[in-house]
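# with the input below, show me the fold.
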Amino acid sequence: MMFLMLAISLGLLFLIHYLSNQKIQYEVNFPSSKKRFIIKLLQFIKFAPVIALLVLLVLILSTLHTKAGIRLSHAWYAAQFWAYYTFLYCIYMMTKKKLFLLSMIFSLFIAIYITPFFHFENQFTGYNVFVADIFGTLMFINLWMEISRVLVQIKNK
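Next comes the predicted model:
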């Protein structure tokens, strides 16, 4: 199951890259208030995984003193799927294309499955936690670049 999760991570990474490279044609002209909301939401999504990691780091330092490494890895990896879901939702709101909706739902199901700590702990043990960290970092970098690309497209419209 661990390899399936990593394959899904890699698949979402390439899917987001592919979808963002396509020229996103906005079928509807948004009012300026909705455009500002989408821009602010996308800017928040860029930082959300880091915020989640910092919040959990504070919790680990203050109360959760056991399994600190795997808890931080879990927070980092699960936050990437939630960020991908939110990004795909924003893109779906703008374009209303079914491909974004399907990938959004897929990312949501994976995020819901991986969020409970015991699911992550059962799949990623030992050195495999480091592999989840690497995949989470790759997903973060990819999402950061693609959100930046979409924000430039929105601001230039």
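# low-confidence ranges in this protein?
1, 22-30, 65, 157 (pLDDT under 70).
# what about the helices in it?
For the chain, the helices defined by DSSP state H occupy 2-21, 32-62, 68-95, 98-114, 117-123, 128-156.
# tell me the most buried of those?
Of all those, helix 68-95 has the most neighbours on average by mean count of other CB atoms under 10 Å, namely a mean of 21. The way it works is simple: take the backbone N, C-alpha and C, and place the C-beta from them, glycine included.
# relative to helix 32-62, how tilted is that one?
Helix 68-95 runs at 170 degrees relative to helix 32-62, counting by axes from the mean of the first three to the mean of the last three CA atoms, to 10 degrees.
# what is helix 68-95 packed up against?
Packed against helix 68-95, as judged by 3 or more CB pairs under 8 Å, 6 or more residues apart in numbering; DSSP states H and E, are the following elements: helix 2-21, helix 32-62, helix 98-114, helix 117-123, helix 128-156.
# and that helix, how far from the chain's centre?
Its chain's C-alpha centre and that of helix 68-95 lie 3 Å apart, by CA atoms, centre = their mean, to the nearest Å.
# same thing with stretch 52-62?
Centroid separation for stretch 52-62 versus its chain: 19 Å, with CA atoms, centre = their mean.
# residues contacting the residue nearest to residue 139 when sequence neighbours are not counted?
Distance criterion CB to CB, 6 or more residues apart in numbering; nearest residue to residue 139, sequence neighbours excluded, is residue 80 at 4.1 Å. By CB atoms under 8 Å, 6 or more residues apart in numbering, the contact list for residue 80 reads 9, 49, 136, 139-140, 143.
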